[in-house]
Each structure stands twice: as C-alpha cells, then as structure tokens.
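1. take a look and give me a structure for this.
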Amino acid sequence: MNKEEMRAFMRANPNCCVASVEDNKPHTRVFTMYRVDDNGVILQSDKRKDFYRQVLKNPQIELCFCDTNKFVEVRVNGRIEVVEDLALKKEIVEAHAFEKPVIEKFGYDTIVVYRLRNGKATAWSFTTDVLPKTYIDL
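-> Residues are numbered from 1 along each chain as shown. Purely as a prediction, here's the structure:
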C-alpha cells in the first residue's frame with residue numbers, strides 16, 4: 001500500500017488499537033481516529049484517563065487499524081503530541097455525540113486532542129505475512 005491507500009484504509013476502519021508504555025509495560029486500548037491527513041493522525045481522549053499520563057511521560061505510541069474481514073492491518077508508530085485547539089475540540093465533540101454529556105459535566109478542558117505527526121506506517125496481510133516490512137512516511 002502507498003500512503004494514500006493507507007490513509008483510505010484508516011478512514012474506512014477508524015477504530016484502532018493504540019499502544020502506549022508505562023513502567024516499561026505496554027498498554028493497549030481502542031480509540032476511534034478522528035482524522036488523518038497531511039497534518040498527521042488526530043485522536044481524542046480525556047485527561048482523566050491513564051493514556052494522558054502515559055504519553056506525557058513517553059509519547060512514543062503505535063496505532064493498529066484492521067479490517068478483520070479481509071485480514072489486513074495498517075500499523076503506524078511515532079511520537080504523539082497534545083494539540084491545544086478549542087475549535088478542533090468543539091469540531092470533534094460535534095462529530096461524536098457521545099462526548100456531549102462529558103463536556104456538559106466537565107467542560108472542554110477535560111478533552112485532549114492528540115496528533116501523531118511524521119508517523120511511520122506499514123501494512124500487513126496474509127499475503128505479505130513473512131515478507132520484510134516496508135515503512136512509509138504517513
């Protein structure tokens with residue numbers, strides 16, 4: 001897959017496993033990607049979650065997008081950064097109605113927007129299973 005094919009795959013399969021590290025131990029959870037474009041991969045979470053503390057201490061993460069029907073995945077690794085952008089937070093909450101009760105109770109300060117820029121991406125499938133991995137700049 002080339003860069004645009006990987007991005008299209010990620011958009012079609014926005015739920016991804018996200019791995020972070022704390023105390024030298026991996027931690028994974030599922031996120032719904034908000035967007036991927038030339039500015040990177042945009043994710044959102046809550047400051048009260050473990051993920052926030054983990055990436056402040058170690059911003060190196062990996063995302064894994066998969067289509068379980070086709071046995072294909074795209075993995076992206078790199079450094080994640082916190083994006084302070086109230087307009088983007090409002091845009092995300094508008095797109096994800098499930099966030100509205102959180103905002104009503106805790107306000108926009110509890111929302112954290114993350115960007116993974118300059119990620120390195122690789123695709124995997126059964127047909128490429130044992131071939132050497134090729135990484136592209138996402």
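
2. could you look up the SS state of Glu73?
-> On the three-state scheme (DSSP: H, G, I helix; E, B strand; the rest coil), Glu73 is labelled strand.

3. partners of the lowest-mean-pLDDT helix or strand in the chain in the sheet?
-> Least confident helix or strand, the chain: strand 136-137 with a mean of 89, by mean pLDDT, DSSP states H and E. Each strand paired with strand 136-137, and its direction, by DSSP bridges: strand 120-125 (antiparallel).

4. all helices for the protein, in order.
-> Applying DSSP state H to the chain gives helices spanning 3-12, 50-57, 86-95, 100-106.

5. quick one: which of those helices is nearest Leu63?
-> Ranking the helices of the chain by their distance to Leu63 (criterion: CB to CB) puts helix 3-12 first, at 8.3 Å. Just so you know, the C-beta spots here come from the backbone N, C-alpha and C atoms, and that holds for glycine as well.

6. can you list contacts of the closest one?
-> 1, 16, 33, 36-37, 41, 65, 67, 72, 74, 76, 121, 123, 136-138 (CB atoms under 8 Å, 6 or more residues apart in numbering).

7. right, and the pair among those residues with maximum separation?
-> Longest span within the contacts of helix 3-12, CB to CB: Asp67 and Asp137, 22.4 Å.

8. the contacts of helix 3-12, buried ones only, as a ChimeraX selection?
-> Remark: buried members of the contacts of helix 3-12, expressed as a ChimeraX selection using 16 or more other CB atoms under 10 Å:
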select :1,16,33,36,41,65,72,74,76,121,123,138
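
9. about what we covered before: I'd like the helices of the chain laid out as a markdown table, including distance to Ser20 and mean neighbour count.
-> Output for those, formatted as a markdown table (distance: least, CB to CB, whole Å; neighbours: other CB atoms under 10 Å):
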| stretch | distance to Ser20 | mean neighbour count |
| --- | --- | --- |
| helix 3-12 | 19 | 15 |
| helix 50-57 | 4 | 16 |
| helix 86-95 | 20 | 14 |
| helix 100-106 | 21 | 11 |
